[in-house]
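S.K.: Let me see the structure of the following:
(4 chains)
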Protein chains: 4
Amino acid sequence: MSFQNPVFIPGPTNIPENLRKACDMPTIDHRSPLFGQILHPAREGVRKVLKSDSAEVFIFPSTGTGGWETALTNCLSAGDKVLSARNGMFSHRWIDMCQRHGLDVQIVETPWGEGLPADRFEEILTADTNHEIKAVLATHNETATGVKSDIAAVRKALDAAGHPALMFVDGVSSIGSMDFRFDEWGVDVAVAGSQKGFMLMAGLAIVGFSEKAMAATQTATLPRTFFDVHDMKKGYANSAYPYTPAVGMLNGLNQACTMLLDEGLENVFARHHRIAEGVRAAVGAWGLELCAASPDLYSDTVSAIRTPEGFNATDIVSHAASKYGVAFGVGLGEVAGKVFRIGHLGSLTDVMTLSGLATAEMCMADLGLDITLGSGVAAAQEYYRGHAVAARKSAA
Amino acid sequence: MSFQNPVFIPGPTNIPENLRKACDMPTIDHRSPLFGQILHPAREGVRKVLKSDSAEVFIFPSTGTGGWETALTNCLSAGDKVLSARNGMFSHRWIDMCQRHGLDVQIVETPWGEGLPADRFEEILTADTNHEIKAVLATHNETATGVKSDIAAVRKALDAAGHPALMFVDGVSSIGSMDFRFDEWGVDVAVAGSQKGFMLMAGLAIVGFSEKAMAATQTATLPRTFFDVHDMKKGYANSAYPYTPAVGMLNGLNQACTMLLDEGLENVFARHHRIAEGVRAAVGAWGLELCAASPDLYSDTVSAIRTPEGFNATDIVSHAASKYGVAFGVGLGEVAGKVFRIGHLGSLTDVMTLSGLATAEMCMADLGLDITLGSGVAAAQEYYRGHAVAARKSAA
Amino acid sequence: MSFQNPVFIPGPTNIPENLRKACDMPTIDHRSPLFGQILHPAREGVRKVLKSDSAEVFIFPSTGTGGWETALTNCLSAGDKVLSARNGMFSHRWIDMCQRHGLDVQIVETPWGEGLPADRFEEILTADTNHEIKAVLATHNETATGVKSDIAAVRKALDAAGHPALMFVDGVSSIGSMDFRFDEWGVDVAVAGSQKGFMLMAGLAIVGFSEKAMAATQTATLPRTFFDVHDMKKGYANSAYPYTPAVGMLNGLNQACTMLLDEGLENVFARHHRIAEGVRAAVGAWGLELCAASPDLYSDTVSAIRTPEGFNATDIVSHAASKYGVAFGVGLGEVAGKVFRIGHLGSLTDVMTLSGLATAEMCMADLGLDITLGSGVAAAQEYYRGHAVAARKSAA
Amino acid sequence: MSFQNPVFIPGPTNIPENLRKACDMPTIDHRSPLFGQILHPAREGVRKVLKSDSAEVFIFPSTGTGGWETALTNCLSAGDKVLSARNGMFSHRWIDMCQRHGLDVQIVETPWGEGLPADRFEEILTADTNHEIKAVLATHNETATGVKSDIAAVRKALDAAGHPALMFVDGVSSIGSMDFRFDEWGVDVAVAGSQKGFMLMAGLAIVGFSEKAMAATQTATLPRTFFDVHDMKKGYANSAYPYTPAVGMLNGLNQACTMLLDEGLENVFARHHRIAEGVRAAVGAWGLELCAASPDLYSDTVSAIRTPEGFNATDIVSHAASKYGVAFGVGLGEVAGKVFRIGHLGSLTDVMTLSGLATAEMCMADLGLDITLGSGVAAAQEYYRGHAVAARKSAA
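M.R.: Model (predicted):
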């Protein structure tokens, strides 16, 4: 196995040297006070990354999918009604999970490439005068389409409708990379994973619960044990876990938060935006278009790039892997074969990004697309040259 | 944080150098063929460690507790009756999980320190002529009491009763360290974790399903998504996961299995037995007794040692940590304060074990127990000197 | 410190993941048989990389400079005459070392950018009828100018002159990356370091001695202890060292040789040539020239690139470091300020190389050179696209 | 290779986790300013460990033996007279080096097990009215015999004789573990290595030069290049090296010094003394004697233990390695076969030490010595129990 080239998948990201070392920890006794010295700062760090003063942060040895299940099973009961749009693979999967857990999902089908339909949500919520809808599920960043939705607008829809439903936000591919405001947006449950903005390997589900969400757990009857936030909370009070924690990864998470906060969250977001703008400049130079329908929807963590009709975009990904040893993301679900994805989140530099763009160019040329070699690279270089100052602030 | 001394907790164990390095892996694309080269051998390795020809092995980014939930939610439905003995903290917790998931648990209260009551199981199963009991839950090694139960006897009880219930076995602290025979014992679901016999950090739930258990999943209606074995199985068929896998840990698991199988499972078991016998020789020399009621119940992975009446055994654990930087295990539940535990599983040598015993002696002496310094060490030395040949076969 | 971008200095190179892990070794007893299991295969591996059947390989905890000193002090005596050309910084430094050790160096001043003057050597050696010249010093690859010399031609010069002088070859930046034939070329002492073709960190001087060189050590009187090859040889016979060895680095060296030999030396050389050709294609597209005077002199491990008159080439290096976090090499000695260097040896891919070229373009444009962004990248892409098959054989 | 047990050789020591990580560094450009951020603090840290305000510290990619050569070749000229006692293998080797470099060594033969004969030195120096003796060589801690000499007394001898000779001190196995006072003792060159008190792997020679020693370099004519302190000093002024530095090891050295200074040098020394006292208590309980002739000579970093007449002490070392996987040190030179050595320096705890003592007991019993198992362990336990408070201050 060669590990020379960076990866350009939309998570797991390239892991910074110091985070690898932080995770690679000898065994300690997780029932000793040492463990609290890792656990509590990690939770506090996550809370700050969420921009929250009061969220209860829970960290499970699991993944973002486990985070979704945590949100649902702790706050809802079988038969409860929830509202969700389906505008990509990850919203689709969350809806599927709801249905498997016996929830009644009102689905707003939304074109893949569009953001969450806050207006439509407002209509539905306003019409739900009995407040049968218990939760609104919102995917902040659709990793499948490279679409960032406006969570503030979803909150506004809830408020405009005067609706008390909980708002669950999937921030797996946004938190730690793009602006996320737990308190300001009135998020009730935020779901993240270790392997995106936190720049670690997969293995942790990271969730934040609002006071309102914590209250909802008192009456929610969906069965839960592994993902039970009360067991977790009780454990935390004793600097412990209800079962064996993934100590090294928590240590890594603690250090990841320190890195993000030392750099400054706004700098982190600006850095992601800058890197993404370079990628988008390249896409434009190639004469291609993003899956995301409009610039306000462009994700700063992943770009899904449409290839011409009749061309199988997945070939780019296979070809890049087999010929150049570089990993891009395939299209998923409705856009399978229609897009390929460049992940540009976490620990990434201009220089690394340019190598990804150069590789994409070679692949597209190899596969017969009408691409001028160096064209996308040049567009990105031009952008990065003019916007490089901010890069020096990056500790990542 | 100092990492100089070995730990003597009953898991996570000391992690061998090569396993730490195997887990500490740069990011690869988990959707690329490379991933299959890690996943499939890891699953195959686990199957062999389980001594099974046909078990379906599933590996979740989770812990043993998640493995329990996998067993229950995939094979059972709300209201189903299950049979379990409560003879320690871990059987207690599994029973609690059943109840939270709406299962009807018939509990056989059993003294802590005793093994599973196979005779009583046989009576109950024989009496259950309607076959209302859908599953028998058996904890192979009670980590809280250091008691190893006879799973073959539980199987015999089921067979004698002609009862079709599934047999779920918690092998978290036995598999990979003590003899476990999935096929021979007719185990339907075996549950393990990465942090015990597999010598890794916590972070993986490892489960094996029999054909009969897989069949049961077709009708089981407990809600599940994260722990759904069908999603997992579908993923595996494409060398993939239903969500982001913990690639580095899977790589470590693969290598851990290779280590165990290269050493030879019987050698691994003999090595654990030998190390444990030395510890038990020391306990005898100290004039103390094990929590386990009789030699046939003695666990080869953990010893729970009773301290004299009126003495708080937990003080030994706190004192060892604060004065000597050594981690032992406290007593849990009914035996809290009455026992302290020495974990002796995974990657451990005679030499490391002697340092644990020497530390325990210093602690007990410091705390006023009537212990002759060096007495337990001498007893263990005597044993190890006479039984050291087998040690040379150990690669661990 | 950020470690995200590859380095493009002419050594130390980027260190492959597995070599870092091989070097990062816990302490073993270097007087135990275990050490021999590392030492002997490492020496044998180096011998094969040198393409020798019989060279005595010595490995010192030192660097290439120490290797030079090993060659001189073990084979020569104060006042001895040696022949050397000065065509770059490293030949210059070796000459300086000779003079400090009281050797009488006949220097053939040669333009920087030219190779070793084998014809001139032949004249001088032929004229030296008394065989006063005891050794010819030849720098195989001048790292300062990116010039590879023809060592076979130097051997031919010696043979044509019927001259018995020893031939010492500095292969620090060639061995393990470009074809080197110890036996075929009649090399007497070959000098290498760990941090170039062997892809490790600096810390080892690696030398090969011919039988003739070993014989010369019997009469050589320059003082030596640390670098004494006889002490070393005596130690090796007992799987030991005359002092404490750098065990982890030897372990890494052993594995590095395994990597090179598994890939196949000819494949390794072809890979370096291919990577280098892409860099040279870029240089051409930029309208710049190499310091090396003609294509037969082009080094496959480092390119020294001339910048236009009046431009300080060193600015590119400082700018790349400070603005883009990328390391190139500065010009040294006579070509300081006139060239900047791109190292392209060791563990490097097309994709990594393209990021270096893209960075160089941005720097040159930033500093006002008339460079079309993307032009060099496109030229290299074109080359790599057409020559990528060989890349798949690379394990590096 | 198994790395489970600690080593008990007198260096290299067990490497602390954080130092291994500090050394395991990706490649940086050693000509960039980053390098200075590692080099200068490392040198400054060493200076403080030497207890010097003004020593020039030089660090070579080499070992302690290279440090000796640095002292000799930079300060002396062929034919110079030096004074040295031979009381162990390491003083013997240094004398041998002097002779190979053409120095005229006046050797004071001293029984192995005795310290440096300061009185005899005083006589000789007083008699040397022409001041022909240019340097006195003093081995602070004879690793072969476990004898610590009184360097202050050697200084007093020089002063009493009014003799201007330089004083070179081999502190390889003392510096960083036992009190060493460069300034107070008037040391002119101090020699250390990375693999003892600094707790790193072998690979660095660490030397400190006084102003007087620096002055001596101006006239010294022994040939030198690799070990030339002037080249080194010139490099340091530009945050550079005269050749490629071992960056990772320098990074480790920097952090090692930070660890030592954070713990406090006096605490470090007290910790070593305490560990050593436990070992000596065990030796006494075994009824054995140290090679060191009297308590004032006892080394706190290594104990050489005499075994009964007719017994081959080396068998203990071989047996410990092959049967128990534990490394002790063999006797060297005159005491080969007569002593075995327990190294107790660097990163070591009571608990680790007890495991070494327990192993030594098993080995001696296995080999037929009349040793009561547990007896030495008990004596050490008794000592450590009563002296454990200081241990809590240790960060090592």
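
S.K.: At the geometric centre of chain A, which residue do we find?
M.R.: For chain A, the residue nearest the mean C-alpha position is A:S173 (1.3 Å; CA atoms, centre = their mean).

S.K.: contacting residues around that residue?
M.R.: By CB atoms under 8 Å, 6 or more residues apart in numbering or on different chains, A:S173 lies in contact with A:10-11, A:90, A:140-141, A:143, A:196-197, A:299, A:301-302, A:345. The way it works is simple: take the backbone N, C-alpha and C, and place the C-beta from them, glycine included.

S.K.: rerun that using 7 Å as the cut-off
M.R.: Shown in contact with A:S173 (CB atoms under 7 Å, 6 or more residues apart in numbering or on different chains): A:10-11, A:141, A:143, A:196, A:301-302, A:345.

S.K.: count of residues packed around A:F311?
M.R.: Residues lying near A:F311 (other CB atoms under 10 Å in any protein chain shown) number 16.

S.K.: Which stretches in chain A count as strands?
M.R.: A:56-61, A:81-86, A:104-109, A:133-139, A:141-142, A:147-148, A:166-170, A:189-193, A:204-209, A:289-290, A:302-306, A:329-330, A:339-343 (DSSP state E).

S.K.: just the ones you listed: most buried one?
M.R.: Comparing the strands of chain A by mean neighbour count (mean count of other CB atoms under 10 Å in any protein chain shown), strand A:141-142 ranks first with a mean of 32.

S.K.: So what's the gap between it and the chain middle?
M.R.: Remark: strand A:141-142 is offset 7 Å from the chain centroid, using CA atoms, centre = their mean, to the nearest Å.

S.K.: Other residues contacting that strand?
M.R.: A:87-88, A:90-91, A:148, A:173-174, A:178, A:299, A:301.

S.K.: how about a cut-off of 6 Å?
M.R.: A:87-88, A:90, A:148, A:173-174, A:299 (CB atoms under 6 Å, 6 or more residues apart in numbering or on different chains).

S.K.: Looking at those residues, spot the one nearest C:E184.
M.R.: In terms of CB to CB, no member of those lies closer to C:E184 than A:S173, at 57.0 Å.

S.K.: Return the distance of the closest one relative to B:F60.
M.R.: Taking CB to CB, to the nearest Å as the measure, A:S173 falls 21 Å from B:F60.

S.K.: One more: A:G376?
M.R.: A:G376 is 40 Å from B:F60, where distance means CB to CB.

S.K.: swap in A:E109?
M.R.: Going from A:E109 to B:F60 by CB to CB gives 31 Å.

S.K.: Now that we have the strands of chain A, can you turn them into JSON lines and tack on mean pLDDT?
M.R.: Formatted as JSON lines, the strands of chain A follow (pLDDT from 0 to 100):
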{"stretch": "strand A:56-61", "mean pLDDT": "98"}
{"stretch": "strand A:81-86", "mean pLDDT": "98"}
{"stretch": "strand A:104-109", "mean pLDDT": "98"}
{"stretch": "strand A:133-139", "mean pLDDT": "98"}
{"stretch": "strand A:141-142", "mean pLDDT": "98"}
{"stretch": "strand A:147-148", "mean pLDDT": "98"}
{"stretch": "strand A:166-170", "mean pLDDT": "98"}
{"stretch": "strand A:189-193", "mean pLDDT": "98"}
{"stretch": "strand A:204-209", "mean pLDDT": "98"}
{"stretch": "strand A:289-290", "mean pLDDT": "98"}
{"stretch": "strand A:302-306", "mean pLDDT": "98"}
{"stretch": "strand A:329-330", "mean pLDDT": "98"}
{"stretch": "strand A:339-343", "mean pLDDT": "98"}
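
S.K.: how about those strands in CSV, adding distance to A:P245?
M.R.: Shown next, in CSV, are those (distance: least, CB to CB, whole Å):
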stretch, distance to A:P245
strand A:56-61, 7
strand A:81-86, 30
strand A:104-109, 33
strand A:133-139, 28
strand A:141-142, 28
strand A:147-148, 32
strand A:166-170, 24
strand A:189-193, 16
strand A:204-209, 10
strand A:289-290, 40
strand A:302-306, 30
strand A:329-330, 30
strand A:339-343, 28
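
S.K.: So for C:V351, which of those sits nearest?
M.R.: Nearest to C:V351 among the strands of chain A is strand A:339-343 (13.5 Å), distances taken as CB to CB.

S.K.: A:Y298: neighbour count?
M.R.: The local packing of A:Y298 (other CB under 10 Å) involves 19 other residues.

S.K.: got a list of what the closest residue to it other than its chain neighbours touches?
M.R.: Spatially, and ignoring its direct neighbours in sequence, A:Y298 is nearest to A:A292 (5.2 Å; CB to CB, 6 or more residues apart in numbering or on different chains). Contacts for A:A292 (CB under 6 Å, 6+ apart) come out as A:113, A:146-147, A:298.

S.K.: ok, A:A292 to D:K233 distance?
M.R.: Counting by CB to CB, the gap from A:A292 to D:K233 is 59 Å.

S.K.: Equivalent analysis for A:K156, please.
M.R.: 68 Å.

S.K.: now do A:N87
M.R.: Distance from A:N87 to D:K233, by CB to CB: 66 Å.

S.K.: Same check on A:S173?
M.R.: Note on A:S173: its distance to D:K233, by CB to CB, is 53 Å.

S.K.: hmm, back to that, specify which residue of A:N87 and D:K233 has the higher count of neighbours.
M.R.: Per other CB under 10 Å, whichever of A:N87 and D:K233 has more neighbours is A:N87, with 26 against 15.

S.K.: residues near whichever residue of chain A sits closest to chain D, how many?
M.R.: For chain A, the residue closest to chain D is A:K21, as judged by CB to the nearest CB, at 4.9 Å. For A:K21, the neighbour count with other CB under 10 Å is 21.

S.K.: near chain B, which residues of the stretch 1-150 of chain A?
M.R.: Near chain B, the residues belonging to the stretch 1-150 of chain A are A:3, A:7, A:9, A:12, A:14-15, A:20, A:24, A:26-27, A:29, A:32, A:61-63, A:65-66, A:69, A:97, A:100-101 when assessed by CB under 6 Å from any CB of the partner chain.
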